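Novice: Give me the fold of what follows.
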Amino acid sequence: MSELPTYEGFLPALPATIMRILGVNPPSFIPDPISPIVEKFGNRGVERIIFVMLDNLGLFEITYYKPQFLIEKADAIILLSTKNPYTLGVLHQLMFGGFEVEPNGFHLLKSLFEAGLKTAMIGREKDVSRYKRDSNTTAIIKETDMATWIEAAKVINRYDFSFIHFLDFEQLHRSKSRLRQETPEELIEKLIKRTDKWILSMYKQARAKSLLVILGNHGRYRLDLNYQGKIAQWRQASVPIGLLIYKE
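Specialist: Numbering: from 1, shown residues only. From the prediction side, this is the model:
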């Protein structure tokens, strides 16, 4: 982790950053792109972005649980500052570049479509319907992470921008809690390492000139976790992250 190029950025700057890397000029009224990321990947001929959002993944989880593929293969990490690090807040900022709804008509997926790019969005129905809007993106509704992963293999090479959302934690946490099985910490670790292997398989399937962007957030709601001492403080200070992996 210490050798991994690390940058800081404003989460609402991600839409403009994505557009620049894909060769699309973002409008001037959304936050400017994260310049070091555009400089690092913008001239590498990226033909598609595979954007994966993981709930309950931040700087703390990456350094504490050490998912092997993400750490070993990442070309860069972005520490993302935001006023709302939770799932829906992060989705909102990703699609609109802030907390307004379609400011001056801007919507990331719609803007990519208007630039002639094909987009797809895989996730739960309530999230896809809320954020797809009228963007002409291909909406694929899946209710489990396993189904999402299987579907992702079908789309990642067919679209210029594919958004894939893994969010099994909340559902599994509720069911496990009722049965008194696995602490939330154990479940987070299990899902991070499982999804790390899935992202490895997606990387292997992706065509050359693909950029994987893995965005971690704090989950759908705040959790009461049982970390103690310095580890608890470390987790409390954790921020959302973006991990970028380019396939030559």
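Novice: what's near enough to touch Phe99?
Specialist: 83-84, 89, 92-93 (C-beta atoms under 8 Å, 6 or more residues apart in numbering). In this view, the C-beta of every residue, glycine as well, is placed from N, C-alpha and C.
Novice: How about Val90?
Specialist: Contacts of Val90 (C-beta under 8 Å, 6+ apart): 11, 53, 82, 84, 215, 217, 240.
Novice: And for the first one, nearest residue in space, chain neighbours not counted?
Specialist: Pointing back at Leu11 there. Closest residue to Leu11 apart from its sequence neighbours, by C-beta to C-beta, 6 or more residues apart in numbering: Thr82 at 3.8 Å.
Novice: out of the contacts of Val90, which one sits closest to Asn136?
Specialist: Of all the contacts of Val90, Met53 has the smallest distance to Asn136: 20.6 Å, by C-beta to C-beta.
Novice: what packs against the strand or helix carrying that closest one?
Specialist: Using DSSP states H and E, the element containing Met53 is strand 48-54. Secondary-structure packing of strand 48-54 (3 or more C-beta pairs under 8 Å, 6 or more residues apart in numbering; DSSP states H and E): helix 14-21, helix 87-96, strand 161-166, helix 184-205, strand 210-216.
Novice: run the last query once more with 10 Å
Specialist: helix 14-21, helix 87-96, strand 119-123, helix 145-155, strand 161-166, helix 184-205, strand 210-216, strand 241-247 (3 or more C-beta pairs under 10 Å, 6 or more residues apart in numbering; DSSP states H and E).
Novice: re the thing from before, which member of the contacts of Phe99 is positioned nearest Thr138?
Specialist: Checking those one by one against Thr138 (C-beta to C-beta), the nearest turns out to be His92, at 20.8 Å.
Novice: what about that closest one, how many neighbours?
Specialist: Residues contacting His92 under the criterion other C-beta atoms under 10 Å number 19.
Novice: per-residue confidence for the nearest residue to it once chain neighbours are set aside?
Specialist: Using C-beta to C-beta, 6+ apart and skipping residues adjacent in sequence, the residue nearest His92 is Phe99, 6.4 Å away. For Phe99, the model assigns a pLDDT of 95.
Novice: what's the weakest-modelled helix or strand in the chain?
Specialist: In the chain, no helix or strand scores lower on mean pLDDT, DSSP states H and E than helix 169-179, which sits at a mean of 53.
Novice: so where's this protein shaky on pLDDT?
Specialist: 1-2, 168-182, 184, 220-238 (pLDDT under 70).
Novice: could you redo the last one with a cut-off of 80?
Specialist: Within the chain, the stretches with pLDDT under 80 are 1-3, 60, 167-188, 219-238.
Novice: Kindly reformat the helices and strands packed on strand 48-54 as CSV and extend each row with distance to Ser135.
Specialist: Formatted as CSV, the helices and strands packed on strand 48-54 follow (distance: least, C-beta to C-beta, whole Å):
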stretch, distance to Ser135
helix 14-21, 12
helix 87-96, 9
strand 119-123, 7
helix 145-155, 16
strand 161-166, 11
helix 184-205, 23
strand 210-216, 18
strand 241-247, 22
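Novice: so which of those comes closest to Leu4?
Specialist: strand 241-247 (8.8 Å).
Novice: Show me what that closest one pairs with in its sheet, parallel or antiparallel.
Specialist: strand 76-81 (antiparallel), strand 210-216 (antiparallel) (DSSP bridges).
Novice: Please state the offset of the longest one from the chain centre?
Specialist: When you say that, I think you mean strand 210-216. 6 Å (C-alpha atoms, centre = their mean, to the nearest Å).
Novice: Next: the first one.
Specialist: Relative to the mean C-alpha coordinate of its chain, strand 76-81 is positioned 11 Å out (C-alpha atoms, centre = their mean).
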